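Undergrad: what follows is a predicted structure for the sequence shown.
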Amino acid sequence: MEKESSNSKKGILLVNLGSPKSTDVKDVKEYLDEFLMDERVIDYRWIFRALLVQGIILKTRPPKSAEAYKTVWTDEGSPLIVITEKIRKKLQKLVDVPVEIGMRYAEPSIETGIRSLVEKGVSEIVLFPLYPQYAMSTTETVIEKAEEVRKQKFPGVKINYIQPFYNREIYIDCLAESIREKLPENFDALQFSYHGVPERHIFKTDPTKTCNLNDCCSRESNPSHQFCYRHQCFKTTETVIEKLNLPKEKVIVSFQSRLGKDKWIEPYTDETFETIPKKGIKNLAVVCPAFVSDCLETLEEISVEGKHQFTEAGGENFHYIPCLNDEDRWIEVVKTLCEEKLNEFYLV
Ligand SMILES: C=CC1=C(C)c2cc3[nH]c(cc4nc(cc5[nH]c(cc1n2)c(C)c5CCC(=O)O)C(CCC(=O)O)=C4C)c(C)c3C=C
Ligand SMILES: [Fe+2]
Ligand SMILES: [Fe+2]
């Protein structure tokens, strides 16, 4: 058994969220349809999800989203995909197994990524969901999709999944160093803006039913932490600011990009940008550690829209700190996390 496993060819699949094919309204609509019809993103019963997504959201949102995408699109394509591909290329230079990328939505899909690996003779895949914190709408849906594809199309392939890494020291060191280098000399506060999720998602994925979205998420230990996105965001912040030696009073945590009328975890980033200048915070630095690569939600919603909201409310200097993207220190972390999982195949 051991011999058979170690003789099999291994490969790595880096998985990110995905972007529309182009900024054409029809491509943005197709992408949003696939994304928002995912039952782990909008978790209503199919009929209600379809009524909301196809009956309401897709009737109004695609042209607005397409305009937003146009402001960040590059000659090479969507920043999220271009950056994920850059990560792949750099990682490929450091490891001796094939590396491919796959997106949860649109192309290149997870199926395309697995197929490319299989065509190179790979039968044991380390799949890396590029999300530091666990969420039903990210890590969980990636694993579900990959398992569905594997069972239906590639039953002979084994997949080993990299777990959320918000609490791994190598990642925290890397993030802290990256932030340290990019922090402006003078700032009144550093804001950690994480992508939000509906509160209901956190209750739903808590197998212990012990998280009540209060102080429990900030406790050192609570049975719910393994699946609590809010806790994992707090923990990321706490450990990074410890490394940076920043006092808690200079730090703000908030959650961005809410959609629809449900209650999402708070405080909301956009509301914070509008209120903090009145509290004397005029020079703000912002980092978005739920994203490892810059994308629409950081380049447009934070760097452009957020800056506008903050300055309109009386803020003076708004400094966006880019994601880890393809920084060499981050590629080293990706390599280490992948190698740990590659090695597990030898232990089977
Ligand atoms: C931590 C990562 C993410 C979580 C959690 C997440 C949850 C989530 N998102 C939506 C709705 C939208 N998100 C959109 C864009 C988007 N979301 C993430 C990451 C997470 N989403 C990324 C990286 C991006 C950018 C993609 C890109 O191409 O750059 C969008 C589309 C853009 C728009 O129309 O504004 C929507 C819609 C929900 C509902 C949700 C949790 C339930
Ligand atoms: Fe999102
Ligand atoms: Fe919690």
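TA: Perfect, thanks for sending it. Ligands and ions are numbered 1, 2, ... in the order given.
Undergrad: show me what the longest helix along the chain is packed against.
TA: Counting residues, the longest helix found in the chain (DSSP state H) is helix 328-347. Applying 3 or more Cβ pairs under 8 Å, 6 or more residues apart in numbering; DSSP states H and E, one finds that helix 328-347 contacts helix 2-7, strand 10-16, helix 79-94, strand 124-129, strand 158-161, helix 169-182. Where you see a C-beta, it was placed from the backbone N, CA and C, and this is true even at glycine.
Undergrad: anything in the second one near ligand 1?
TA: No: using Cβ under 6 Å from any ligand atom, strand 10-16 stays clear of ligand 1, coming no nearer than 7.2 Å.
Undergrad: that strand vs helix 328-347, what angle?
TA: Angle, strand 10-16 to helix 328-347, by axes from the mean of the first three to the mean of the last three Cα atoms, to 10 degrees: 130 degrees.
Undergrad: chain center to strand 10-16, what's the gap?
TA: Relative to its parent chain, strand 10-16 has a centroid offset of 15 Å by Cα atoms, centre = their mean, to the nearest Å.
Undergrad: for that strand, which outside residues touch it?
TA: Defining contact as Cβ atoms under 8 Å, 6 or more residues apart in numbering, one finds that strand 10-16 is touched by 80-81, 84, 87-88, 91, 95, 97-104, 110, 113-114, 117, 120, 122, 124-130, 142, 146, 292-293, 334, 338, 342, 345.
Undergrad: near ligand 1, from those?
TA: Okay, of these touching ligand 1 (Cβ under 6 Å from any ligand atom), that's Leu80.
Undergrad: can I get the buried part of the contacts of strand 10-16 as one PyMOL selection?
TA: In PyMOL syntax, the buried subset of the contacts of strand 10-16 is picked out as below (16 or more other Cβ atoms under 10 Å):
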select buried, resi 80+81+84+87+88+91+95+97+98+99+100+101+102+103+104+110+113+114+117+122+124+125+126+127+128+129+130+142+146+292+293+334+338+342+345
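Undergrad: only C-alpha atoms, please: export the longest helix of the chain in CSV.
TA: Extracted in CSV, the C-alpha atoms of helix 328-347 (Å, rounded to 0.1, in the frame of the first residue of the first chain):
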residue,chain,number,x,y,z
ASP,A,328,8.1,35.6,-2.5
ARG,A,329,7.6,35.1,1.3
TRP,A,330,4.0,34.1,0.7
ILE,A,331,5.0,31.7,-2.1
GLU,A,332,7.3,30.1,0.5
VAL,A,333,4.3,29.6,2.8
VAL,A,334,2.2,28.1,0.0
LYS,A,335,5.1,25.7,-0.8
THR,A,336,5.4,24.6,2.9
LEU,A,337,1.7,24.0,3.3
CYS,A,338,1.6,22.1,0.0
GLU,A,339,4.6,20.0,0.9
GLU,A,340,3.1,19.0,4.3
LYS,A,341,0.1,17.6,2.5
LEU,A,342,2.1,16.0,-0.3
ASN,A,343,4.1,14.2,2.3
GLU,A,344,0.9,12.8,3.9
PHE,A,345,0.3,10.8,0.8
TYR,A,346,3.4,8.8,1.6
LEU,A,347,2.0,8.0,5.0
